[in-house]
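Engineer: Here is the input, now give the coordinates:
(one chain, ligands or ions: 1)
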Amino acid sequence: MVLRALEAEGHEQLVFSRDEQTGLRCIVAIHSTRLGPGLGGVRIRRYDSEDAAVEDVMRLSQAMSYKNACAGLDFGGAKGVILGPLPDDRLAVMRAMGRIVEGLGGRYVATEDMGMTESDVATMRQETQFAVGMSRRDGGSGDPSPHTAEGVFVGMRAALRAAGLGSDFADVRVAVQGCGKVGLGLIARLVQAGAQVMAADTDEVGVNAARTAGARIVSPDEILAVQAEVLAPCAVGAVLNERSIPGLRCQVIAGGANNQLATPEDASRLKDRGIVYAPDFVINAGGVINVGDELAAGGYDERRVATRVAAIEQTLDDIFREAEHSGSTTAQLAVKRAQRRIRAGR
Ligand code: NAD
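Structural biologist: Next up, the predicted model:
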């Protein structure tokens, strides 16, 4: 059963582990190491069932393969999930997770994901060299979100061009959903570039920060359907779906959130409406570009990171150009592009 599931999506390995002392239970899925070690976060989450956890980790590891391949990184894709609730002794759990990662001998490079912090990575690092994304203070590459925001900003420029709206943000209306780390970084760049930014957040802290940064505040219930040239989802996944797409009043979707499409069919729904969609895993790769650089020969180099993040604009230009002459959606073309690079190997 499990082997057949691995074959179906081209995964290499699925590893189930438990740690007697701490009670840690985790699964690591390695989708592909053709381009290099599988790089991806460790997610801490409560699942309804073990099957749900397996499905999630397999889907997420494949998505990391595609994200890393499209970003031009020499990393494959992998992901870890720690099955919640997290046992009490967090430090001991993270050390145990570090030992599990170390046991995979470098096939998996772990970083932070939902439920984890930079200091958890530092704890894992006590047990393994194959964990990246520590704070600058601890000698790591630091907060990835400014790099993610920069990638979304330059990628949005490519999407504007593809929609025939030019490359200039002056007076372009952008609706930003979610004013957290990525959303605020994006808002700051957009305001600086002369865009008219509208923003929404379900949390007062985000709302206040967005207002201070120069955005006009819109209710979270209205943000997806406001009249704007661009919609930038920067909060949660699955916001582009059968219910929301008919009500969209934008020409471009370019945002940092992961898994923006509820189903693959939603990419076709956007295409049918003539909305230019920047595939999320291409435009939001700035963060993984940043953490991955920690393992580069010679160590982390902020200038190399900046160059790679800037290249997201060209990658999207290529995808949008291909989409003009193809019946495929931009999301399908991005997956094909990743698969081509993975097949070719390093
Ligand atoms: P964050 O937690 O700092 O910010 C998310 C914000 O969205 C919060 O302020 C939250 O209150 C708000 N929010 C939640 N639900 C909302 C809703 N329904 N309407 C409006 N606002 C809502 O997270 P982040 O690091 O900024 O990441 C944002 C998204 O980008 C996530 O999907 C994340 O997976 C993705 N992402 C982040 C990075 C990164 O470098 N941080 C990299 C790649 C992808």
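Engineer: Only C-alpha atoms from now on, for both contacts and neighbour counts.
Structural biologist: Noted.
Engineer: Which of the helices and strands in this protein ranks last by mean pLDDT?
Structural biologist: Sorting the helices and strands of the chain by mean pLDDT, DSSP states H and E puts helix 2-9 at the bottom, at a mean of 84.
Engineer: Can you name the element that comes right after that helix?
Structural biologist: Toward the C-terminus, helix 2-9 is succeeded by strand 13-18 as the next helix or strand (DSSP states H and E).
Engineer: Could you tell me the angle between that next one and helix 2-9?
Structural biologist: Inter-element angle recorded for strand 13-18 and helix 2-9: 140 degrees (by axes from the mean of the first three to the mean of the last three CA atoms, to 10 degrees).
Engineer: re the thing from before, can you list the neighbours in contact with the least confident helix or strand of the chain?
Structural biologist: With contact meaning CA atoms under 8 Å, 6 or more residues apart in numbering, helix 2-9 is reached by 12, 13, 14, 62.
Engineer: what sits against residue 138?
Structural biologist: residue 122.
Engineer: quick one: it from the ligand, how far?
Structural biologist: According to CA to the nearest ligand atom, to the nearest Å, residue 138 and the ligand sit 18 Å apart.
Engineer: Then residue 195?
Structural biologist: Distance from residue 195 to the ligand, by CA to the nearest ligand atom: 20 Å.
Engineer: what residues go with each domain of this structure?
Structural biologist: 2-56+77-124, 145-286+313-342 (automatic domain parsing).
Engineer: wait, which of these is closest to residue 297?
Structural biologist: Of all the domains of the chain, domain 2-56+77-124 sits nearest to residue 297, with 13.5 Å by CA to CA.
Engineer: near the ligand, anything from the closest one?
Structural biologist: No - Domain 2-56+77-124 stays clear of the ligand (CA under 6 Å from any ligand atom), getting no nearer than 7.4 Å.
Engineer: Tell me where the stretch 1-150 of the chain has helices.
Structural biologist: Counting by DSSP state H, counting those that start in this stretch, the stretch 1-150 of the chain has helices at residues 2-9, 50-70, 90-103, 118-125, 145-162.
Engineer: tally of neighbours for the residue in the stretch 1-150 of the chain positioned nearest to the ligand?
Structural biologist: Per CA to the nearest ligand atom, residue 145 is where the stretch 1-150 of the chain lies closest to the ligand, at 3.4 Å. Neighbour count of residue 145, defined by other CA atoms under 10 Å: 22.
Engineer: I'd assumed residue 290 was in contact with residue 71.
Structural biologist: No - counting by CA atoms under 8 Å, residue 71 stays clear of residue 290, with 11.0 Å between them.
Engineer: Please say which of the two ends up with more neighbours.
Structural biologist: residue 290 (28 against 24).
Engineer: Can you tell me the element the more buried one falls in?
Structural biologist: Assigned by DSSP H and E, residue 290 falls in helix 286-292.
Engineer: helix or strand right after that helix?
Structural biologist: Next along from helix 286-292, by DSSP H and E: helix 302-324.
Engineer: coming back round to it: can you show me the CA trace of the least confident helix or strand of the chain as CSV?
Structural biologist: Output of helix 2-9 as CSV, limited to C-alpha atoms (Å, rounded to 0.1, in the frame of the first residue of the first chain):
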residue,chain,number,x,y,z
VAL,A,2,2.6,2.5,1.2
LEU,A,3,5.1,1.6,-1.5
ARG,A,4,2.4,2.0,-4.1
ALA,A,5,1.6,5.5,-2.8
LEU,A,6,5.4,6.3,-2.9
GLU,A,7,5.5,5.2,-6.6
ALA,A,8,2.4,7.1,-7.5
GLU,A,9,3.9,10.6,-7.0
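Engineer: chain center to the one helix or strand residue 207 maps to: distance?
Structural biologist: Taking DSSP H and E as the criterion, residue 207 maps to helix 204-213. The chain centroid and the centroid of helix 204-213 are separated by 23 Å under CA atoms, centre = their mean, to the nearest Å.
Engineer: ok, now stretch 77-89?
Structural biologist: Relative to its chain's centre, stretch 77-89 lies at 18 Å (CA atoms, centre = their mean).
Engineer: near the ligand, which residues of the stretch 151-300 of the chain?
Structural biologist: 177-183, 200-203, 206, 220, 234-237, 256-258, 284, 287.
Engineer: Give me the subset of those lying in strands.
Structural biologist: 177, 200 (DSSP state E).
Engineer: Now the buried members of the residues of the stretch 151-300 of the chain next to the ligand.
Structural biologist: 177-183, 200-201, 206, 234-235, 256-258, 284, 287 (16 or more other CA atoms under 10 Å).
Engineer: Check the burial of the spatially closest residue to residue 98 that is not a sequence neighbour by counting its neighbours.
Structural biologist: Spatial nearest neighbour of residue 98, excluding adjacent residues (CA to CA, 6 or more residues apart in numbering): residue 124 at 4.2 Å. Here the number of neighbours of residue 124 (other CA under 10 Å) works out to 29.
Engineer: which residues touch residue 124?
Structural biologist: Residue 124 touches 94, 95, 96, 97, 98, 99, 131, counting by CA under 8 Å, 6+ apart.
Engineer: and if you look at residue 11?
Structural biologist: By CA under 8 Å, 6+ apart, the contact list for residue 11 reads 29, 30, 31, 32, 58, 62.
Engineer: and if you look at residue 321?
Structural biologist: With CA under 8 Å, 6+ apart, residue 321 has these contacts: residue 162.
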